[in-house]
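Asker: pasting a predicted model and its sequence here:
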Amino acid sequence: MPNWTGILEELKLDGSPEAFDNIRRKYLIESYQYTGRPIILYASKWTQPDPNISPDVISINDEDIQGLMAVIQGLPGDKLDLILHSPGGSAETAEAIVTYLRSKFSHIRVIVPQQAMSAATMLACAADVIVMGKHSFLGPIDPQFVLHTPLGLRIAPAQAILDQFDKAQRECQDPANLASWLPMLSQYGPDLLVQCENHIRLSKKLVESWLANYMFRSDPDGIQKAHDIANWLSAHKEFDSHGRHIPRIDLEARQMKIEPLEHDQTLQDLLLSVFHATMHTFTGTGAVKIIENSSGRSFIKVMQQVVFQQPPAAT
């Protein structure tokens, strides 16, 4: 199977305006034919920085539920492979997506060809098993807040906000420190600290529940494993940065159910071909998010527009 460069050569050889869609869908179909499991590709243009793209567009948001509804329609069986490449986004939307997917499929395998971070990591934790290569990563699930400050928008971890407030309380016992702290404390709204606590609790609760109910449902120690893993993934002090890349080996050490992508060379080649073709689509077109199934039905975000495509009717 072709690598990144090989996919590029295929695109050049095709030469048609539909080349990006043609090549990507070809490998999605071949992957389905090999595994016998319907596949949904759920990917965003976020590892290719573009200052013209709003983070809200490429993040997990409620519009994605419409996309998933469109591409799930008509999929056979109760098993699903979900190829996931996302920076994360709304935990509330992730919860809605998991609820919807789990109402449709009894067994879900999440495939991470490169990165699934933050709320996308939460989605992966709702799988029965996660497929990862040596080059694949998940991320911490500690919530982040967007703050409007005199210096512009700042993204801050919820736990860091709580820790900063605790530090301020301690240091402001000395009145001499008040002048230094007041400009920072004035950025906090009346409910920010409570929101931080609530969002931390929500992320942890959702992941713990999903791990216990799906990945570890047949494990007699599953409840304790789910609790420990949720605490670990949500601990900001464990990782120090929300952007930390958590490799497969660390997840395996926590006894998460991980299938190495390299164990099936044919499947690895097929799935990485899908991924490379998707990345070329993001580079060569206006697409910024693709939700697509192995039957050719797709929901594609093109900057601020949505393009819905479905396979031609059988004749």
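Answerer: Looks like it arrived, so ask away. Given the structure is predicted, the values throughout are model-derived calculations rather than measurements.
Asker: which one is residue 292 nearest to, not counting chain neighbours?
Answerer: Closest residue to residue 292 in three dimensions, ignoring its sequence neighbours and counting by CB to CB, 6 or more residues apart in numbering: residue 298, at 3.8 Å. Placement of C-beta: from N, CA and C, glycine included.
Asker: all strands for this protein, in order.
Answerer: In chain order, the chain shows strands spanning 39-44, 79-85, 107-112, 115-116, 129-132, 137-138, 144-149, 152-157, 246-247, 258-260, 287-293, 298-302, 305-309, with DSSP state E as the criterion.
Asker: starting at the chain centroid, how far to the fifth one?
Answerer: The gap between the average C-alpha position of strand 129-132 and the chain average comes to 13 Å, counting by CA atoms, centre = their mean, to the nearest Å.
Asker: residues making contact with that strand?
Answerer: Residues lying outside strand 129-132 but in contact with it, judged by CB atoms under 8 Å, 6 or more residues apart in numbering, are 109-112, 124, 138, 215, 248, 251, 256-261, 271.
Asker: widest-spaced pair of the residues you listed?
Answerer: Of all pairs drawn from the contacts of strand 129-132, the one with the longest distance (CB to CB) is 215 and 271, at 20.2 Å.
Asker: picking up where we left off before, just the buried members of the contacts of strand 129-132?
Answerer: Listed as buried from the contacts of strand 129-132 are 109-112, 124, 138, 215, 248, 251, 256-258, 261, 271; burial here means 16 or more other CB atoms under 10 Å.
Asker: specify which member of those residues is nearest to residue 5.
Answerer: Checking the buried ones among the contacts of strand 129-132 one by one against residue 5 (CB to CB), the nearest turns out to be residue 271, at 17.3 Å.
Asker: show me what contacts residue 23?
Answerer: Residues in contact with residue 23, defined by CB under 8 Å, 6+ apart, are 7, 10, 11, 14, 277, 280.
Asker: so the nearest residue to it once chain neighbours are set aside versus residue 26, what's the distance?
Answerer: Counting by CB to CB, 6+ apart, the nearest residue to residue 23 once its immediate chain neighbours are dropped is residue 277, at 4.8 Å. For residue 277, the distance to residue 26 under the criterion CB to CB, to the nearest Å works out to 8 Å.
Asker: my read: the residue nearest to residue 23 touches residue 7, true?
Answerer: Yes: here residue 277 lies in contact with residue 7, judged by CB atoms under 8 Å, at a distance of 5.2 Å.
Asker: and stretch 127-139, what's buried?
Answerer: Of all the residues in stretch 127-139, those buried under the rule 16+ other CB under 10 Å are 127, 128, 129, 130, 131, 132, 133, 136, 137, 138, 139.
Asker: OK, contacts around the residue nearest to the third one when sequence neighbours are not counted?
Answerer: Just to be clear, that refers to residue 129. With CB to CB, 6+ apart as the criterion, residue 129 has its nearest non-adjacent residue at 4.6 Å, and that residue is residue 257. Under the criterion of CB under 8 Å, 6+ apart, the contact partners of residue 257 comprise 128, 129, 130, 215, 216.
Asker: then residue 19?
Answerer: Residues in contact with residue 19, defined by CB under 8 Å, 6+ apart, are residue 11.
Asker: and if we set it to 10 Å?
Answerer: Residue 19 makes contacts with 10, 11, 12, 13, 277, 280, 281, 284, 285, as judged by CB atoms under 10 Å, 6 or more residues apart in numbering.
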